[in-house]
Structure formats: C-alpha cells, structure tokens
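[1] The following comprises the amino acid sequence and a computationally predicted model.
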Amino acid sequence: MTKKEAQEFRQRWQLAESVQQAERRCLSFDEKCQQLDQCYQAALELGLLKRYAAARRKGEREVQQRWRRLKGLAA
C-alpha cells in the first residue's frame, strides 16, 4: 500500500465516521436506550457479563491481598 492509498483509505474511514456521528446525534433518547439495551442483551447472551464480573472479583481479591501484605510489612 502506498502512502497515497493509505491516506485515501483513512479519509474514507473518517468520512464514514462523520456520517455515523451525525446519525447518532439525530437519534431520540428512546432509540439510544433501545440500542443500549440491545448491547446489554447481546453481552448477556455471549456470557461477557459473567466474565467481566469474574475478572473484576479477581482484581479485587488481588488488591486485597496486596493491602494485607503491605499492612504486614508495616507492622
């Protein structure tokens, strides 16, 4: 891919992004809520929320363990 082709490619994507932004600005609050709900439902069906919750709990446990070690060092 040449530099010119890369620039043209980028310009096309920027144009597409600007069109999508304009479309999103025109959506009503209800339409935005429906889209958000659809994303949430898809995440539920794909099991992404369970994975996120598990990763978050794991991270919280790691933080708690670090605090315990730090308290032990300070005592």
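    Ah, there it is. Numbering: from 1, shown residues only.
[2] lowest confidence element among the helices and strands of this protein?
    When the helices and strands of the chain are scored by mean pLDDT, DSSP states H and E, helix 48-74 comes last with a mean of 90.
[3] Which of the residues in it are classified as buried?
    By 16 or more other CB atoms under 10 Å, helix 48-74 has no buried positions at all. Heads up, the C-betas are built off the backbone N, CA and C, glycines and all.
[4] from the middle of its chain, how far away would that helix be?
    21 Å (CA atoms, centre = their mean, to the nearest Å).
[5] Likewise for stretch 8-21?
    Centroid separation between stretch 8-21 and its chain, computed with CA atoms, centre = their mean, is 21 Å.
[6] Buried by neighbour count: which residues of that stretch qualify?
    For stretch 8-21, burial by neighbour count (16+ other CB under 10 Å) applies to no residue.
[7] Extract the CA atoms of the one helix or strand Glu23 maps to and return them as PDB.
    Glu23 belongs to helix 3-26 when assigned by DSSP states H and E. What follows is helix 3-26, C-alpha atoms only, in PDB (Å, rounded to 0.1, in the frame of the first residue of the first chain):
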ATOM      1  CA  LYS A   3       1.300   6.400   1.200                       C
ATOM      2  CA  LYS A   4      -1.400   8.000  -1.100                       C
ATOM      3  CA  GLU A   5      -3.500   4.800  -0.900                       C
ATOM      4  CA  ALA A   6      -3.200   4.800   2.900                       C
ATOM      5  CA  GLN A   7      -4.200   8.500   3.100                       C
ATOM      6  CA  GLU A   8      -7.300   7.800   0.800                       C
ATOM      7  CA  PHE A   9      -8.200   4.800   2.900                       C
ATOM      8  CA  ARG A  10      -8.000   6.900   6.100                       C
ATOM      9  CA  GLN A  11     -10.100   9.700   4.500                       C
ATOM     10  CA  ARG A  12     -12.800   7.300   3.600                       C
ATOM     11  CA  TRP A  13     -12.900   5.900   7.200                       C
ATOM     12  CA  GLN A  14     -13.000   9.500   8.600                       C
ATOM     13  CA  LEU A  15     -16.000  10.300   6.200                       C
ATOM     14  CA  ALA A  16     -17.800   7.200   7.300                       C
ATOM     15  CA  GLU A  17     -17.200   8.100  11.000                       C
ATOM     16  CA  SER A  18     -18.500  11.600  10.500                       C
ATOM     17  CA  VAL A  19     -21.700  10.200   8.900                       C
ATOM     18  CA  GLN A  20     -22.200   7.800  11.800                       C
ATOM     19  CA  GLN A  21     -21.700  10.600  14.300                       C
ATOM     20  CA  ALA A  22     -24.300  12.700  12.600                       C
ATOM     21  CA  GLU A  23     -26.700   9.700  12.600                       C
ATOM     22  CA  ARG A  24     -26.200   9.100  16.300                       C
ATOM     23  CA  ARG A  25     -26.800  12.800  17.100                       C
ATOM     24  CA  CYS A  26     -30.200  12.500  15.300                       C
END
